[in-house]
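S.K.: Please find the sequence and the predicted model below.
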Amino acid sequence: MRSTGTEMKLYDGGRAPNPRRTRIFLAEKGITLPMEQVDLGALAQMSADYAAINPLKRVPALVLDDGTVLTESIAICRYFEALKPDPPLFGRGALELARVEMWNRRLELHLLFPVSHVFRNSHPAMKEMEVPQVPAWAEANKPRIGEFIAFLDGELKDRPFVAGDAFTVADITGLVAVDFMKPAKLAVPDAECLGLTMRLTIVGCGDAFGSGGRFNTCFFLETAKGTLLVDFGASSLVALKAHRLDPDRIDAIVLSHLHGDHFGALPFLLLDAQFLARRERPLLIAGPPGTRARIDQLLEVFFPKSTTNKWRFSWDVMEIEVGRPTDVLGHSVITTEVLHYSGAPSTAIVLSDGVKRFAYSGDTQWVDALLSVADGADLFIVECFAYSGELPGHITWDVLKPRLPSLRARRIMLTHMNPVMLAHLDEVRAAGVLPAEDGAVIEI
């Protein structure tokens, strides 16, 4: 099948499971592609234009530079596995390849497909896509899902990942299937049940000015103990909704510092929870000393007298003492003061659920304290605002690159990049560093 396009492009479908499976795979490979969103809710996949790309009217679809079209998520993943074998997400060697294939098929046949059957045959939003809907088929698949989850839980007691000792495409399929249980209105097992301890969704990784069309900083962390955000910049509520992440799931927000592109959407989140979402669950906001006063000021600037609201849900502010380990809903958080003026201490953050360790530089120029922040982290996200020279309050690639060997983190990711820095992402990847991308999902 061929198209007339000249640039490689991925036709994506948002939070639908197969497009998401492909995006997670690409993120694990460190591959970025031009993407075009196909609005499934508006039935854009049924249009004549999209049918010319994929006559089966399904997403995702990959159009190569020569116009060749590849469809089916696993086929697209295999294509990129062949182009970039490391890290090997389909395994290496005959036995490993077979085990990954076996488990990926098991997870498709016994989890992802049954969950999809429930969703397609019971959800009101699918009436126009699944004709006819067969509610009895949805009901028939529900017990099969529970039986397989119990089987999988037993299998995972003796190994860290689905197919063995390494993260593979089978884990991605399992993750997508379990997440898809929520819109299918199925009981979701604890994260620990599938061996997942910490998952990051990048809601926004842009600078203060939205360079590259990116949202302001916001990292969505899911652990077995809760759902936390790290930073909540001015565009973050819009970004959450664009990524179809329910703000009501948030248990706590941890702030690195008090600049608008890192905490400026809090008034909108609080008032959305009060008047639209009608939230009932408590919300904790943790930040550096001075956070409570700055939030109150922010509320009054944007919405006068909003601090006098009779809130329908409880929200509290915890001010974290710099350098002192603090418990945030069962997570250990320790902050380190860095060099970036914000009217209050600006901090780097290390957050751990007891198993995995997430570290983030916040906004700062280079300080040697970042070496200890990164030390032992499973993922260290570091700001790199500019490409060359030195800047007050921010790190540049010229400053960071020679220090990379000293950062003892399992993976390093760059965020908060200006347009010039974004133009040098190939150099970043060549140095073994991941560039952050809005919407990327990473298993930590």
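M.R.: Looks like it came in fine. Numbers count the residues shown, from 1 in each chain.
S.K.: alpha carbons only for contacts and neighbour counts from here, please
M.R.: Will do.
S.K.: which stretches of the protein have low pLDDT?
M.R.: 1-6, 188-197 (pLDDT under 70).
S.K.: Now the element after the longest helix seen in it, going C-ward?
M.R.: Counting residues, the longest helix found in the chain (DSSP state H) is helix 135-155. The element immediately downstream of helix 135-155 (helix or strand, assigned by DSSP states H and E) is helix 169-180.
S.K.: Could you pull out the buried residues of stretch 137-145?
M.R.: 138, 141-142, 145 (16 or more other CA atoms under 10 Å).
S.K.: Quick one: neighbours of T308, just the number.
M.R.: 8 (other CA atoms under 10 Å).
S.K.: ok, now G154?
M.R.: By other CA under 10 Å, neighbour count at G154 equals 12.
S.K.: what's the distance between it and D272?
M.R.: 41 Å (CA to CA, to the nearest Å).
S.K.: next one: I320
M.R.: Taking CA to CA, one finds I320 at 26 Å from D272.
S.K.: Compare these two (neighbour count), which wins?
M.R.: Set side by side, I320 and D272 show more neighbours around I320, with 22 against 16, by other CA under 10 Å.
S.K.: what's near enough to touch the closest residue to that one other than its chain neighbours?
M.R.: What sits nearest to I320 in space, not counting adjacent residues and going by CA to CA, 6 or more residues apart in numbering, is P288, at 5.2 Å. Residues near P288 by CA atoms under 8 Å, 6 or more residues apart in numbering: 255-257, 319-322, 344-347.
S.K.: Could you say whether the residue most central in space within the chain sits in a helix, a strand or coil?
M.R.: When CA atoms, centre = their mean is applied to the chain, the residue found nearest the centroid is T201 (1.1 Å). The three-state label given to T201 by DSSP: H, G, I helix; E, B strand; the rest coil is strand.
S.K.: Tell me the spacing between it and A27.
M.R.: For T201, the distance to A27 - CA to CA - is 11 Å.
S.K.: ok, back up a step: show me the contacts for the residue nearest to the centre of the chain.
M.R.: 219-221, 439-442.
S.K.: between T201 and A27, what contacts are shared?
M.R.: 440-442.
S.K.: out of everything not next to it in sequence, what's closest to T168?
M.R.: Nearest to T168 is L89, by CA to CA, 6+ apart, at 4.2 Å.
S.K.: Next: A163.
M.R.: V100 (5.4 Å).
S.K.: can you check L425 too?
M.R.: P435 (6.8 Å).
S.K.: which residues touch the one you found?
M.R.: Residues near P435 by CA under 8 Å, 6+ apart: 30, 413-415, 425, 428-429.
S.K.: Which is the succeeding secondary structure element to the helix or strand where T227 lies?
M.R.: Assessed by DSSP H and E, T227 sits inside strand 226-230. Next along the chain after strand 226-230, taking DSSP H and E as the criterion, comes helix 236-242.
S.K.: Now do the buried residues in that next one.
M.R.: Applying 16+ other CA under 10 Å to helix 236-242 flags 236-237, 239-240 as buried.
S.K.: Out of those residues, which comes closest to R403?
M.R.: Taking CA to CA as the measure, R403 lies nearest S236 of the buried residues of helix 236-242, at 30.8 Å.
S.K.: now K225: how far from I202?
M.R.: 19 Å.
S.K.: meant to ask about V118, not that
M.R.: V118 is 28 Å from I202, by CA to CA.
S.K.: circling back to that earlier point, spatially, which residue comes closest to the residue nearest to the centre of the chain, not counting chain neighbours?
M.R.: Using CA to CA, 6+ apart, the closest residue to T201 is V441 (4.4 Å).
S.K.: and that neighbour, what does it touch?
M.R.: 23-24, 27, 199-202.
S.K.: what do you get if the cut-off is 7 Å, keeping everything else the same?
M.R.: Applying CA atoms under 7 Å, 6 or more residues apart in numbering to V441 gives the contacts 24, 200-202.
S.K.: what about it, distance to F25?
M.R.: 9 Å.
S.K.: where's the nearest residue to T326 once chain neighbours are set aside, which helix or strand?
M.R.: Residue nearest to T326 in three dimensions, not counting chain neighbours: V333, with 5.1 Å by CA to CA, 6+ apart. Take DSSP H and E as the rule and V333 turns out to sit in strand 331-337.
S.K.: Could you report the distance from E280 to H394?
M.R.: The value you get for E280 to H394, if CA to CA is used, is 39 Å.
S.K.: more crowded one of those two?
M.R.: Neighbours were counted for E280 and for H394 using other CA under 10 Å; H394 has more, 19 against 13.
S.K.: and the contacts of P288, which are buried?
M.R.: Here, 16+ other CA under 10 Å leaves 255-257, 319-320, 322, 344-347 buried among the contacts of P288.
S.K.: my read: R410 touches A374, true?
M.R.: No. Contact criterion CA atoms under 7 Å: R410 and A374 do not qualify, at 9.0 Å.
S.K.: Next, give phi and psi for P392.
M.R.: Torsion angles at P392 (phi, psi; degrees, to the nearest 10) stand at phi -70, psi 130.
S.K.: scratch that, E437
M.R.: phi -140, psi 130.
S.K.: How about the contacts made by the closest residue to S314 other than its chain neighbours?
M.R.: Sequence neighbours aside, P282 is the residue nearest to S314 in space, at 4.8 Å (criterion: CA to CA, 6+ apart). Contacts for P282 were tallied using CA under 7 Å, 6+ apart; they are 313-315.
S.K.: neighbours around G376, how many?
M.R.: Neighbours of G376 using other CA under 10 Å come to 18.
S.K.: Just list the residues touching it, thanks.
M.R.: 408-409.
S.K.: related to what we said a few turns ago, for the longest helix of the chain, name the packing helices and strands.
M.R.: Counting contacts by 3 or more CA pairs under 7 Å, 6 or more residues apart in numbering; DSSP states H and E, helix 135-155 packs against helix 113-122.
S.K.: Go ahead and name everything in contact with the helix it packs on.
M.R.: By CA under 7 Å, 6+ apart, helix 113-122 touches 126, 130, 133-135, 137-139, 141, 145, 177, 181, 184.
S.K.: wait, which of these is closest to V382?
M.R.: Looking across the contacts of helix 113-122 and measuring by CA to CA, the closest to V382 is A177, at 30.8 Å.
S.K.: ok, for the closest one, nearest residue in space, not its chain neighbours?
M.R.: L112 (4.6 Å).
S.K.: Any idea how many residues pack against the one you found?
M.R.: 24.
S.K.: isn't it right up against D179?
M.R.: No. Contact between L112 and D179 fails when scored by CA under 7 Å: they sit 9.8 Å apart.
S.K.: outside of the strand holding T227, which residues touch it?
M.R.: Counting by CA under 7 Å, 6+ apart, 218-222, 249-255 sit against strand 226-230.
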